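1. Okay, predicted coordinates and the sequence, questions at the end:
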Amino acid sequence: MKKLQMIILLVSMFSVTMLQAQRGPAQRGQSTGERPGAGNDPSVIAERQANHMKAELNLSDEQYQKVLEINRAAAEKRIETREEVRQQRQAVRENMGDMHNERLEALKEVLTEEQLEKYRNMQNQERPQMQQRQRGQEQKEKPKPGKRSGRSSSGK
C-alpha cells in the first residue's frame with residue numbers, strides 16, 4: 001500500500017511538472033508568483049491535480065479520493081516549504097545588509113573623508129554590474145522552461 005501511494009505521488013508530481021512546463025509564463029502565473037485560480041489553497045491545487053490524474057489514468061472513485069488526499073498533503077508541504085524558503089531569503093538579505101553596514105563602519109575608522117567618498121562613488125559605479133551578474137546567476141540557477149540543463153544539443 002505504501003508503494004502504491006508513493007508511486008501515485010511521484011506520478012502526480014511528474015504530471016503536474018510536465019503540465020506546468022507546457023504552459024506559458026502567463027498561464028503559470030509567473031508575473032504574480034501564483035498560478036491563476038489556485039493561489040495558495042492546497043485543496044484547490046490538490047483537486048486540480050487529482051482531476052487531471054483521474055482523466056489521464058482512469059482512476060476509480062476510491063483511487064481518486066486517495067490521490068486527492070496524497071496531493072493535498074504534498075501541496076501543503078510544498079506551500080510550507082516555499083514560505084520557509086522565502087523567510088530564509090529575507091533573513092539572509094537582512095544579515096548581508098548588517099554585514100555591509102558593519103564593514104562600512106570599520107572602513108570609516110580607517111579611510112579619510114576623501115577616500116571614503118571615493119569608495120562610495122566606486123561602489124555606486126560597480127553596483128549595476130554586480131546586479132547584472134546576480135541576475136545572470138539567477139538565470140543559470142533557473143533553467144528556462146523547455147530547456148534541459150547539462151545536455152548539449154549534439155545529444156552526447
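-> Okay, I see it.
2. Any stretches of this structure with poor pLDDT?
-> 1, 6, 9-39, 138-156 (pLDDT under 70).
3. Would you map the helices across it?
-> With DSSP state H as the criterion, the chain has helices at 2-22, 25-28, 42-57, 61-110, 113-141.
4. can I get those helices in CSV with mean neighbour count?
-> (Glycine included, C-beta is placed from N, CA and C.) Below are the helices of the chain laid out as CSV (neighbours: other C-beta atoms under 10 Å):
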stretch, mean neighbour count
helix 2-22, 13
helix 25-28, 12
helix 42-57, 17
helix 61-110, 12
helix 113-141, 10
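5. contacting residues for residue 68?
-> Applying C-beta atoms under 8 Å, 6 or more residues apart in numbering, we find residue 68 in contact with 46, 47, 50.
6. roughly how far apart are it and residue 115?
-> 65 Å (C-beta to C-beta, to the nearest Å).
7. now do residue 56
-> Applying C-beta to C-beta to residue 56 and residue 115 gives a distance of 66 Å.
8. from the contacts of residue 68, which is closest to residue 40?
-> residue 46 (12.2 Å; C-beta to C-beta).
9. Does that closest one touch residue 78 like I think?
-> No - if you go by C-beta atoms under 8 Å, residue 46 and residue 78 don't touch, sitting 10.4 Å apart.
10. Double-check residue 40 against residue 80; I have them as touching.
-> No - using C-beta under 8 Å, residue 40 is not in contact with residue 80; the gap is 10.1 Å.
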